[in-house]
Structure formats: C-alpha cells, structure tokens
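# Build me a model:
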Amino acid sequence: MGPRLGKGVIEDVAQVAAGCDSVARACNAAVSVLHGHTGAAVDVLLLGPGQLSVVAFSGAWQAPTAVPSHYGVVGHVLATGRPAAIDDASIAYAGLHAGRPVGSVVCAPLSARPDPPIGVVNIEFDHVVTDPVLWAEELAEVGLRLRRRIDELGGLPSESRAELLLRHTLGFATAHSGVQLADMACRAAVELTGLGGATVLTRRATPRGEPQHPLRQTAVYTAAGASDLPTRVAELPPDVLSALVDAVCRHGASRTLGDPSGEDVRGFEPLVQAGVRTLLAFPVRGTAPDPRLEVAMLVMDELQVRVDAGTVTVLELLMANAAECYDRLGALHQMQALAETDPLTGLRHVGPFTERLAAARAGRTALLVIDVDNFKQVNDRLGHAAGDRLLVELATGMRDCLRQRDELFRVGGDEFVAVLEVRDDAEAIRVADRLVAAARDSGSAVSVGVAMRRPDEPAEATLRRADLAMYTAKQDPQYAVWPAE
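Predicted coordinates for the structure are as follows:
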C-alpha cells in the first residue's frame, strides 16, 4: 500500500474515468484504482431518493445496495460537503463490522463547489492509518475529479421507470394506515408522471336515493415549483367533486391529451376553470374492493403535458398495488380489532385495557371497577344463555351512558372496568351513579368501586384500590358505589 494517494493516483483516477462512457463504469474504474493502491475496501455512493446507492465497490465480498443519506460519516460528509476521517472506526462504530477487521475510515464528497455533493467516495482500512486527515484531503481531490467526469456524462443517472415502480411498490407495503398509503400513492403518481400534483378523494358509498356522504380529501402532494392545483380543486363545490368521483369510479382510468382548448371537456369544466390543463384520473380499487367506499385519484398539472400511454399503464398498475395494500390494511385492522374485542359484548378486553391503564394520568384519570351482583345465581338458575344475554344488555346500557372520551372494558366473566377522564372524585362518582342506573334499567344490579390515580402512584395500585372499594360496596347493601380512600 502506498504512503497516501499522491498526485499520481489522483491523476490515474481522472484518466481512467475519462475513458469511461457511463457514470457506473467511471465509478467502478475509480474504485479499482483506489483499491489497487490502498488494498482497502473502497466504495462510491451516489445520491438517490432518500438514500445513497452503492454504485461501485471493491475490497469486500458483500456490500449494501444502499444506506440512508443521513447515516454515519457518509451522511455527515454529504451534509457538510467536506471530507472527514475517523481514526479508529472499531471504536466509533462498535459492532458494525463484526467478524471483519476495521481501522480508519476516510470519506470525501463528490463535490464541485458551489454545487452540493451528489455522493461520496469512501475508503475503509483494516488497520489504523497515520495522518487520516491528510488522506481525507487527497481523497477530496479524487472526489472533485470524479464529480467533474460524472457531470460530463450527464450527471446522476436517472431512476428507471422499473426502479421507480419497484421503490414505490415496496414503500406501499410499509404503510400503517390508509391515510399514509394515500400520501405515498400521491407522491408516487407525481414522480412517475412528472405532473405537478395529485390528490385522493374519498367518499362512503350510499344506497340509491339517499343523501351522499360528504367527500373528503384524504391525501395531497404537490411537486416543488408547481401550482397548488390539489388545494384549488378541493375548494370546488361538493356536488361537482361528487359527480367527478362518480365518473371516475364508473368508467375507470382516463387521461387527457394536455390541451383542453381543442378537446371535449364536458363534465370537467370546473377543473379546467380551476387551472387544470392535464388530468389523469384513476379509481383506486383492489381485487376485493370495499363496496362501501369510493376512492378516486386525480393527477394534475397547470401545464399542457402529453403523458404517454405506457406511463398511464404503469400508473394504473401502481394504483392497483396501492389498492391491494389498502385491502390488506383493512383486513389486518379487522383481525386486530377481533383480537382486541370481547366477542360477546363487543367491548375491548384485557390487552387494550392494560395499554389504556399504563397511559392513565395522575389527578385526571379515574378507574371504576364494576362487578355484576348475583351473576352466578343467574347462570345457575336460568342457564348460561340467559347470563350471556344479561351481560350483553348490561354492557350496551353502561357503554351508552358513558361520555365520548371514556371507555368501558370487559376484563373478566362478570367484571368490567371503566376508564374516565375527569377533573375530580365527585365527577367520577357521578358517572359511576349513571352506570348503576343504566344497569338497573337493563334489569341488573352492579357494585362499583371508584379510585382516582394519585400523583406518583402506579396505575396498578390505583386499580387495586378501586377493586377493594368495589368489594366494600358489594358488602354494604346501602351503597352501590364506594370511593376508594
């Protein structure tokens, strides 16, 4: 290995890169020269959407395809535009290179000031080198020469349609909600088509002859520098947007030719008046669509853009994939709801109650432990079917008398707990009295113990106090509600 890089190596990198006819070949050639001189692991990473892609590497059997653009020393170099060196990476990144010797790391930007870096060149040694800062200065000159050649070759290679489609398809699978998925779909539509903005309009379907549910703008994305068409479209009268959703969901995907002045725009006049000059419209539905939901995506531009048929087809495939992900999210949420819900009463049970209990606020949360009086006698005398009916009627009555911010849980056979957000004990006791009255109206009797969570008191201790208060209420026939002390 040479003492450092030196002018000769820097010129060699520039010369081999100059003989290459693509960015990838130029990066690989530069890596080969640097690896041949240093014997170290060398890689070149170029900036892509949200990540750095490893386009060339040598000196390692395996390398990641990409790393986050903010990660470690490469992220620091990318952000600052200045080279950096780590004397001993085994200390700075303990465990990262398990099983492989690692020493100094030197990283430099692919930068030609004043332009921001488009990537980095990185060298990882298997030992600690002397003067790593001087290595970094020389590597910065390599980065400058390689950046110039990349610019001569046309700059960063553009993401292919297939790569973009795959990136967004994989991204859809990570969505944890329908709103997040709609946001991702809007961004994907704009990136794929090059149009200025996209929006998703959602409406609950209603039977013929009944008033339509209001439309809702679920997601919106506008490209940098483009007019905010989605916002202007969302301000159109609800009946206009509703008619548009009807047309999109009834007739399927459509596209304009990009010049409304010479085309038949009947039905789309409000969009044209809002400034839309190019429009792609898609219904968003999977193979098992929800018949209660109508979803339309509008991809728009204020410029007259002719979007080719191939792009429209790819976007249709992408939206179909988004719809399938939406269907899976719905199924997943339904399964989760079933797993968290008592099948008899429809109340959530022990698992969700434990989470709510952990979030109880001192001085603002009251726990009401509720037990059905003489429930065993009902089961023994009338049978379990009658006992089940009693529990269903009781749960319905008590749940209906709670306020919106309160919740009732079934935590055992005939045991319930209500979690209340209240100002003081008196407010909690008033709610408990309503629960007792609701139980009486359903033909049952209950005993309730009430406890407010105290400052610095574990929530489990509050629950124990409420439980003890409930047993006190049960033993005194004059009191159905008993406050914990």
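# all contacts plus neighbour counts: C-alpha atoms, from now on.
Noted.
# Just give the closest residue to Leu45, not the sequence neighbours.
The spatially closest residue to Leu45, leaving aside those adjacent along the chain, is Val54, at 4.4 Å (CA to CA, 6 or more residues apart in numbering).
# The one you found falls within a strand, correct?
Yes - residue state for Val54 (DSSP: H, G, I helix; E, B strand; the rest coil) corresponds to a strand.
# what's the neighbour count on it?
20 (other CA atoms under 10 Å).
# Correct me if wrong: it contacts Pro64.
Yes - with contact defined as CA atoms under 8 Å, Val54 counts as touching Pro64 (6.9 Å).
# quick one: what helix or strand has the closest residue to Arg399 other than its chain neighbours in it?
In this structure, Arg399 finds its nearest non-sequential neighbour in Leu408, 6.2 Å apart by CA to CA, 6+ apart. Using DSSP states H and E, the element containing Leu408 is strand 407-410.
# so how far is that strand off the chain centroid?
Put simply, strand 407-410 sits 29 Å off its chain's centre (CA atoms, centre = their mean, to the nearest Å).
# what is the mean pLDDT for that strand?
On average, the pLDDT along strand 407-410 is 89.
# Please apply the same query to stretch 153-168.
81.
# swap in stretch 312-328?
84.
# Could you do stretch 33-49 as well?
Per-residue scores along stretch 33-49 average to 90.
# and what of stretch 171-181?
84.
# Just the terminal-to-terminal distance for that stretch.
9 Å (CA to CA, to the nearest Å).
# Show me which positions of stretch 233-248 end up buried.
233-234, 240-242, 244-248 (16 or more other CA atoms under 10 Å).
# Pull the distance from it to the chain's centre.
Stretch 233-248 sits 28 Å away from the centroid of its parent chain (CA atoms, centre = their mean).
# quick one on the thing from earlier: ok, the residue nearest to Leu45 - contacts?
43-46, 63-67 (CA atoms under 8 Å, 6 or more residues apart in numbering).
# remind me which residues of the chain are low pLDDT?
Applying pLDDT under 70 to the chain picks out residues 1-3, 62, 90-101, 205-216, 286-292, 330-340, 477-478, 485.
# Domain ranges for it, per the record?
6-152, 161-337, 350-483 (automatic domain parsing).
# CSV please, covering those domains and showing distance to Pro343.
As requested, the domains of the chain are exported to CSV (distance: least, CA to CA, whole Å):
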stretch, distance to Pro343
domain 6-152, 44
domain 161-337, 10
domain 350-483, 10
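# what's the closest of those to Leu344?
domain 350-483 (6.7 Å; CA to CA).
# Endpoints of that closest one, how far apart?
Termini of domain 350-483 sit 23 Å apart (CA to CA).
# Just give the nearest non-adjacent residue to Ile150, would you?
Val23 (5.7 Å).
# packing partners for the host helix or strand of Val9?
If you go by DSSP H and E, Val9 is part of helix 6-18. Judged by 3 or more CA pairs under 8 Å, 6 or more residues apart in numbering; DSSP states H and E, helix 6-18 is in contact with helix 23-38, helix 132-152.
# Tell me which of those helices sits nearest to Ile10.
Ile10 lies closest to helix 132-152 among the helices and strands packed on helix 6-18, at 5.6 Å (CA to CA).
# ranges for the helices of the stretch 351-485 of the chain?
375-382, 384-400, 425-441, 459-475 (DSSP state H, counting those that start in this stretch).
# Please work out which of those is packed deepest.
helix 459-475 (a mean of 20; mean count of other CA atoms under 10 Å).
# Name the surrounding residues that touch that helix.
357-358, 360, 367-371, 373, 447-454, 479-485.
# Drop anything exposed from those residues.
Buried among the contacts of helix 459-475 by 16+ other CA under 10 Å: 357, 360, 367-371, 447-454, 480-484.
# For Ser177, find the nearest of the helices and strands packed on helix 6-18.
Closest approach to Ser177 among the helices and strands packed on helix 6-18 (CA to CA): helix 23-38, 37.8 Å.
# partner strands of the helix or strand just after the closest one, parallel or antiparallel?
Note on helix 23-38: by DSSP H and E, the next helix or strand toward the C-terminus is strand 41-48. Strand 41-48 sits in its sheet next to strand 51-58 (antiparallel), strand 119-124 (antiparallel), going by DSSP bridges.
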